[in-house]
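> With the sequence up front, the predicted model follows.
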Amino acid sequence: MSKSITIKTPGKLMIAGEFAVLEKYQKLVVMAVDRFVYATLEQSGDNRLSLHNFDLTDIEWAWTDKHVVIRTDDDRVRFVENAMTVVYSYLAENNILVEPFHLKVRSELDDTGGQKYGLGSSAAVVTAVIAAVLKKFLPQKASQQLIFKLASISHVITQGNGSGADVAASSHGGMLQYSSFQADWLLDAYDKAGTITELAGSDWPYFSLSPTRLPENLHICIGWTGSPASTSSLIQKIRRLKDTNELLYEQFLSDSGKAVGSFLDGVQHDYATKVIEGVRLNRQALSVVGKNAGVDIETSALTVLCDLAEKHGGAGKPSGAGGGDCGIAFMPSEEQANELMKAWKKAGIKPLDLTLCSDGAVMI
């Protein structure tokens, strides 16, 4: 290895279509944001790993019996361990030699105190690790699609669920219209596939992705409510509604589809009012399904965030699973956006200095 390389990958914010995206062909809009995870590969005599945000330094790891094994009992390395296993398997299947290296991973997706904002840290880490290894050892440039698929495989086998939208944002960048591959399908396909190469090269039947962009006169405001949310817990409770009251669940999918449809119609025709209406409709759909499932998707702080956005002429909604974390608002002018952020501050909501990141995984 002649020199070190560093890959950075952006975090994400969900825009519209949360929860519904876990079902087949349901659309979601997600955006990459300009806070990053950095993965650096340095030449080394033996294999080492440092995860700076976890204060784990110079840990030994090895490629043994078709698995990467990191020599620590700290369970927080699982995402990196599985990402390394997937990308090593891919390279080995393609007869590509990998030399020893020291992998260093650093994230700026949380604040300096370690407070989580809900920006998709594990997905960005997995994407950064896989992109860095491919960049260093793959003879040709790795496509965004290959990085996405390898990262999605490793992310899903680690946590057992997820839509993959956060991986899409980290690998592709920009604002994306997205439909999930379906975690259950991918886990089954992984079990049945002969190789990682075969799975990555196959058609993923439910998956779709295309770039999109907002009308130029729309302004995004992002606010932090001060309390992190447990995405997996909220998802489980919403999915339980599917089993206990299918009619209410199907109504939610219909409402979410209409909301995202309005949003995308406004995007396609450069019509800001339609986008704002889609955000308002999606807020309502999430609020209703939360009440029906007995979960607090829109917390009192998120209600304040959203109500203030509407009071100032726009629309707001929880971003992601809700229950805390971030809310997002769309405002029809810069002046209204600035007034909203002042109002948020007075209400105890922290505006985050985040903007759209047009790039996915890139070398710096």
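Good, I have the coordinates. Numbering: from 1, shown residues only.
> When you work out contacts or count neighbours from here on, use the C-alpha atoms and nothing else.
Will do.
> burial measure for V288, as a count.
18 (other Cα atoms under 10 Å).
> That one - nearest residue in space that isn't next to it in sequence?
Using Cα to Cα, 6 or more residues apart in numbering and skipping the chain neighbours, the partner closest in space to V288 is F252 (7.8 Å).
> The one you found contacts G290, correct?
No: contact status for F252 versus G290: not in contact, 9.8 Å apart, counting by Cα atoms under 8 Å.
> Which residue of the two possesses the greater neighbour count?
Counted by other Cα under 10 Å, F252 and G290 do not tie: F252 has more neighbours, with 24 against 21.
> where does the stretch 151-300 of the chain dip in pLDDT?
Applying pLDDT under 70 to the stretch 151-300 of the chain flags residues 228-231.
> Could you pull out the helices in it for me?
Taking DSSP state H, counting those that start in this stretch as the criterion, the stretch 151-300 of the chain carries its helices at 165-172, 183-192, 196-201, 231-244, 246-268, 272-293, 300-311.
> for this structure, which strand is longest?
What stands out as the longest strand in the chain, according to DSSP state E, is strand 27-43.
> Return that strand as CSV; C-alpha atoms alone will do.
Written as CSV, here are the backbone C-alpha positions of strand 27-43 (Å, rounded to 0.1, in the frame of the first residue of the first chain):
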residue,chain,number,x,y,z
LYS,A,27,-41.8,5.7,-1.9
LEU,A,28,-39.7,7.7,0.5
VAL,A,29,-37.6,10.9,0.0
VAL,A,30,-34.3,11.1,1.7
MET,A,31,-31.4,13.6,1.6
ALA,A,32,-27.7,13.4,2.3
VAL,A,33,-26.5,16.2,4.7
ASP,A,34,-23.1,17.8,5.1
ARG,A,35,-21.9,16.0,8.2
PHE,A,36,-19.6,13.1,7.6
VAL,A,37,-18.0,9.9,8.6
TYR,A,38,-14.4,9.5,7.6
ALA,A,39,-12.6,6.2,7.0
THR,A,40,-8.9,6.2,6.5
LEU,A,41,-6.7,3.3,5.3
GLU,A,42,-3.0,3.5,6.2
GLN,A,43,-0.3,1.1,5.3
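> Name the residues of stretch 139-149 that are buried.
Of the residues in stretch 139-149, those with enough neighbours to count as buried (16 or more other Cα atoms under 10 Å) are Q144, L146, I147, F148, K149.
> now swap in stretch 312-325 and tell me
Residues of stretch 312-325 classed as buried under the neighbour-count rule (16+ other Cα under 10 Å) are 312, 314-325.
> Least confident of the residues you listed?
Confidence by pLDDT is poorest for G324 among the buried residues of stretch 312-325, given 67.
> about what we covered before: just the ones in helices from the buried residues of stretch 139-149, please.
Among the buried residues of stretch 139-149, the members falling in helices (DSSP state H) are Q144, L146, I147, F148, K149.
> Tell me who's in contact with the spatially closest residue to the last one that is not a sequence neighbour.
Think K149. Closest residue to K149 in three dimensions, ignoring its sequence neighbours and counting by Cα to Cα, 6+ apart: A200, at 5.8 Å. Neighbour list for A200: L146, K149, L150 [criterion: Cα atoms under 8 Å, 6 or more residues apart in numbering].
> Distance of the second one relative to H67?
The reference is to K149. Summarising the geometry, the distance separating K149 from H67, computed by Cα to Cα, to the nearest Å, is 18 Å.
> what do you get for K311?
Distance of K311 to H67, computed by Cα to Cα: 54 Å.
> now swap in G320 and tell me
When distance is defined by Cα to Cα, G320 is 33 Å away from H67.
> how about the residue most central in space within the chain, what does it touch?
Computing the C-alpha centroid of the chain and ranking residues by Cα atoms, centre = their mean puts D166 first, at 1.6 Å. When contacts are counted by Cα under 8 Å, 6+ apart, D166 touches G11, K12, L13, V30, G120, A123, A124.
> Repeat that for D184.
Contact analysis of D184 by Cα under 8 Å, 6+ apart lists N161.
> And for L308?
By Cα under 8 Å, 6+ apart, L308 lies in contact with L340, A343, W344.
> Just name the closest of the residues you listed to F101, please.
W344 (46.1 Å; Cα to Cα).
> Quick one: mean pLDDT over the one helix or strand the closest one maps to.
When secondary structure is defined by DSSP states H and E, W344 falls within helix 334-346. Mean per-residue pLDDT for helix 334-346: 97.
> Now do the following helix or strand past that helix: everything it contacts.
Moving toward the C-terminus from helix 334-346, the first helix or strand encountered (DSSP H and E) is strand 350-351. Applying Cα under 8 Å, 6+ apart, the set of residues contacting strand 350-351 from outside is C221, I222, G223, W224, T225, G226, M341, W344, K345.
> What separation is there between the nearest residue to I328 once chain neighbours are set aside and L356?
Distance criterion Cα to Cα, 6+ apart; nearest residue to I328, sequence neighbours excluded, is I222 at 4.6 Å. As judged by Cα to Cα, I222 and L356 stand 11 Å apart.
> Equivalent analysis for H312, please.
Distance check for H312 against L356: by Cα to Cα, it reads 22 Å.
> How about V37, nearest residue that isn't a chain neighbour?
Counting by Cα to Cα, 6+ apart, S107 is the residue found nearest to V37 once chain neighbours are left out, at 4.3 Å.
> surely the one you found meets Y38?
Yes: S107 is in contact with Y38 according to Cα under 8 Å; the separation is 6.2 Å.
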